[in-house]
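A.B. asks: My questions concern the predicted model and sequence given below.
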Amino acid sequence: MRKLIEDILYDRRKDAVTLPLRFVLRFFASVYNYVTSIRNFLYNKRILKAKDVPCRVISIGNLIVGGTGKTPVTMMTAKMLKEAGKSVVVISRGYKGQSKDPIVVSDGSSVLVSSIECGDEPHIIASSLQGVPVVVGRDRFAAAMMAYKRFKPDVIVLDDAMQHRRIYRNVDIITMDADNPLGTEYLLPHGLFRESPYSIRRAKAVVITRLTDEHNRERIERMVRYYNRNVLIFWSTNVAVGLREPGSSDKTGLDAVKGKKIAALSNIANPLSFYRLLESLGYTIVFKQVMPDHHRYTFAELDYIEKNSLKAGAELLIMTAKDERNFPADYNVKIIEKRVLDIEAVIVEEIEEYMKIIAPGIKK
């Protein structure tokens with residue numbers, strides 16, 4: 001059933017088998033659209049009022065479910081602000097984390113909790129950004145106020161907060177995957193939209209992520225400008241910054257495994273971008289294992305994956321940082337050598353213009 005629903009969500013099947021379920025999901029999508037539209041109307045007219053935090057707030061979010069590269073863009077934005085001399089705190093929901101109350105993941109100098117407590121993506125952010133505290137909380141306003149009282153930041157960067165309108169933000173930035181900028185045409189639960197694509201009108205900027213030479217930039221820009229003619233559009237790509245052993249922070253050069261046969265493991269929403277990056281580095285992929293987004297691995301699954309990687313002729317198993325965070329805490333089996341590929345998002349042009357959006361008055 002899950003596979004069938006995913007096929008409908010991603011518009012992969014339009015046949016007699018899916019027709020009845022499509023009809024039901026389309027009805028619920030209409031109800032969902034009605035509810036979200038009324039909610040947005042109430043916020044737009046300030047009948048429902050967003051709550052202020054006493055510092056600048058930047059929201060990085062998206063309009064569709066699944067991965068659009070929000071977390072790398074959040075990290076890139078926080079890093080740019082810090083390098084420009086601003087004190088920054090990142091706030092995240094902490095998706096799939098066990099903590100229900102706001103908690104400090106990092107105080108800027110050390111990571112204080114496990115990925116099980118805070119969720120995999122906040123843990124990645126906390127481990128990657130030195131000097132930037134990270135706080136998670138399902139109530140983003142409560143988390144932001146806690147962060148402000150403790151750290152007194154100049155800027156708070158909200159990770160995945162486009163739909164969390166209860167907290168006021170100075171800037172909304174939407175991320176869109178260059179592979180599939182606007183998903184399918186329907187709202188949840190029939191399609192991928194979390195809210196109407198016309199919500200792009202609330203955004204100050206759109207960042208197109210995971211850009212490659214294969215993407216048609218003019219086509220993507222037309223799609224975006226259909227909903228907001230004046231929005232600023234920036235283009236970003238993911239770059240590999242090093243390989244390391246799971247659990248270690250010591251990176252090795254990317255050329256160390258060039259020419260080797262590898263297995264690729266990914267529990268991210270868009271594994272194709274991961275494969276492209278590996279192949280661009282000159283790695284030969286002989287085995288691929290795709291798991292659901294944020295999947296937590298079991299010992300049995302990892303045993304199967306490692307053994308089948310060897311059987312396919314792989315000399316090395318390369319995974320994402322999100323995979324690493326979802327291994328069992330006491331997993332130390334070494335059937336095959338494993339490495340984590342760390343990545344960063346970078347704006348490919350008009351960096352100064354992006355700085356004007358996130359920190360007016362500061363030149364990069």
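C.D. replies: That came in fine, so what should we check first?
A.B. asks: On the three-state scheme, Q163 is what?
C.D. replies: coil (DSSP: H, G, I helix; E, B strand; the rest coil).
A.B. asks: What does the pLDDT read for it?
C.D. replies: Predicted confidence (pLDDT) at Q163: the value is 96.
A.B. asks: can you give me the strands for the chain?
C.D. replies: Assigned by DSSP state E, the chain shows strands spanning 56-61, 88-92, 103-106, 134-136, 155-159, 171-177, 205-209, 232-244, 261-266, 284-290, 316-319, 338-347.
A.B. asks: Tell me how far the fifth one lies from the chain's centre.
C.D. replies: So the one you mean is strand 155-159. Remark: strand 155-159 is offset 14 Å from the chain centroid, using CA atoms, centre = their mean, to the nearest Å.
A.B. asks: can you list the domain ranges for the chain.
C.D. replies: Following automatic domain parsing, one finds the domains of the chain at 2-44, 56-238+346-358, 240-343.
A.B. asks: which stretch among those domains comes nearest A50?
C.D. replies: Nearest of these to A50, taken as CB to CB: domain 56-238+346-358 at 3.9 Å. Any C-beta I mention is one placed from the backbone N, CA and C, and that applies to glycine too.
A.B. asks: now the chain, which segments are flagged as low pLDDT?
C.D. replies: Along the chain, segments meeting pLDDT under 70 span 1-8, 10-12, 362-364.
A.B. asks: tell me which strands and helices the longest helix along it is in contact with?
C.D. replies: Using DSSP state H, we find that the single longest helix of the chain is helix 19-44. Here helix 19-44 touches helix 2-9, going by 3 or more CB pairs under 8 Å, 6 or more residues apart in numbering; DSSP states H and E.
A.B. asks: related to what we said a few turns ago, need the domains of the chain in a markdown table (columns: mean neighbour count and distance to A50).
C.D. replies: As requested, those are exported to a markdown table (neighbours: other CB atoms under 10 Å; distance: least, CB to CB, whole Å):
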| stretch | mean neighbour count | distance to A50 |
| --- | --- | --- |
| domain 2-44 | 13 | 7 |
| domain 56-238+346-358 | 20 | 4 |
| domain 240-343 | 17 | 28 |
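A.B. asks: Nearest spatial neighbour of Y168, chain-adjacent residues omitted?
C.D. replies: Once flanking residues are discounted, Y168 sits nearest to A50: 3.9 Å by CB to CB, 6 or more residues apart in numbering.
A.B. asks: Ramachandran angles for that neighbour?
C.D. replies: According to degrees, to the nearest 10, the main-chain angles of A50 amount to phi -70, psi 150.
A.B. asks: Who are the contact partners of it?
C.D. replies: Shown in contact with A50 (CB atoms under 8 Å, 6 or more residues apart in numbering): Y43, R165, R166, I167, Y168, R169.
A.B. asks: Select, out of the strands of the chain, the one closest to M146.
C.D. replies: strand 134-136 (6.3 Å).
A.B. asks: and the closest one, what does it pack onto?
C.D. replies: strand 88-92, strand 103-106, helix 120-128, helix 140-151.
A.B. asks: so what strands line up beside it?
C.D. replies: Strand 134-136 has its sheet partners listed here by DSSP bridges as strand 88-92 (parallel), strand 103-106 (antiparallel).
A.B. asks: got a list of contacts for the longest one?
C.D. replies: Okay, so that is strand 88-92. Counting contacts by CB under 8 Å, 6+ apart, the residues outside strand 88-92 that touch it are 74-75, 78, 81-82, 105, 118-119, 121-122, 125, 129, 132-137, 140, 143-144, 147-148, 151, 153-161.
A.B. asks: Put the alpha carbons of it into PDB.
C.D. replies: What follows is strand 88-92, C-alpha atoms only, in PDB (Å, rounded to 0.1, in the frame of the first residue of the first chain):
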ATOM      1  CA  VAL A  88      23.900  33.000  14.500                       C
ATOM      2  CA  VAL A  89      21.700  30.300  16.000                       C
ATOM      3  CA  VAL A  90      20.000  27.600  13.900                       C
ATOM      4  CA  ILE A  91      16.500  26.400  15.000                       C
ATOM      5  CA  SER A  92      15.100  23.200  13.700                       C
END
